[in-house]
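Asker: need a structure here:
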Amino acid sequence: MNETNAPLTPPNMGSLYLNSHALEWESTELEGFWVKKLYENPDNGEKTWLMKMDPGTYCGPHTHDEFEQIYVLQGSMEDHNGTIKAGEFVCRAPGDSHTATTSDGALVLLFFSRYR
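Answerer: Take a look at the predicted model:
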């Protein structure tokens with residue numbers, strides 16, 4: 001079990017485990033958005049994060065350089081196209097401009113990777 005707060009990196013052999021409950025939520029540059037960095041591979045740009053959005057949070061139009069995948073675990077979030085509820089999934093091409101907001105709060109699993 002990984003005993004540090006650092007995200008896992010690719011194992012050379014076997015499996016690595018991380019107790020996400022033991023990780024502290026990290027603040028982001030956006031008020032009300034919190035992350036737990038579960039996995040990061042800087043060599044190929046892969047990232048897996050848990051993100052918590054406090055009720056009423058809003059992030060204006062922005063883009064990512066990476067392919068983004070979002071699975072909503074709890075609550076719901078809205079983007080420029082509508083509402084993504086718990087159990088729903090969305091993916092975005094790099095450079096896709098979008099917003100992110102939630103009225104009631106949300107917990108999402110994020111995957112980022114280089115694309116193309």
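
Asker: mind listing what Phe52 touches?
Answerer: Careful, residue 52 is Lys and not Phe. 25, 33-35, 105-107 (Cβ atoms under 8 Å, 6 or more residues apart in numbering). Every C-beta, even on glycine, is put in place using the N, C-alpha and C of the backbone.

Asker: then Tyr71?
Answerer: 88-89, 108-109.

Asker: as JSON lines, those residues with distance to Val72 would be great.
Answerer: Listed next are the contacts of Tyr71 as JSON lines, based on distance: Cβ to Cβ, whole Å:
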{"residue": "Glu88", "distance to Val72": "5"}
{"residue": "Phe89", "distance to Val72": "8"}
{"residue": "Val108", "distance to Val72": "5"}
{"residue": "Leu109", "distance to Val72": "8"}
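
Asker: reformat these as CSV; add secondary structure, pLDDT and distance to Asp43.
Answerer: Converted to CSV, those look like this (DSSP: H, G, I helix; E, B strand; the rest coil; pLDDT from 0 to 100; distance: Cβ to Cβ, whole Å):
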residue, secondary structure, pLDDT, distance to Asp43
Glu88, coil, 97, 31
Phe89, strand, 97, 26
Val108, strand, 98, 25
Leu109, strand, 98, 22
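
Asker: all strands for the protein, in order.
Answerer: Ranges of strands in the chain, per DSSP state E, are 26-27, 33-41, 46-53, 58-62, 67-79, 82-85, 89-92, 98-101, 106-113.

Asker: quick one: closest of those strands to Leu8.
Answerer: strand 33-41 (4.7 Å; Cβ to Cβ).

Asker: kind regards, and thank you for your time.
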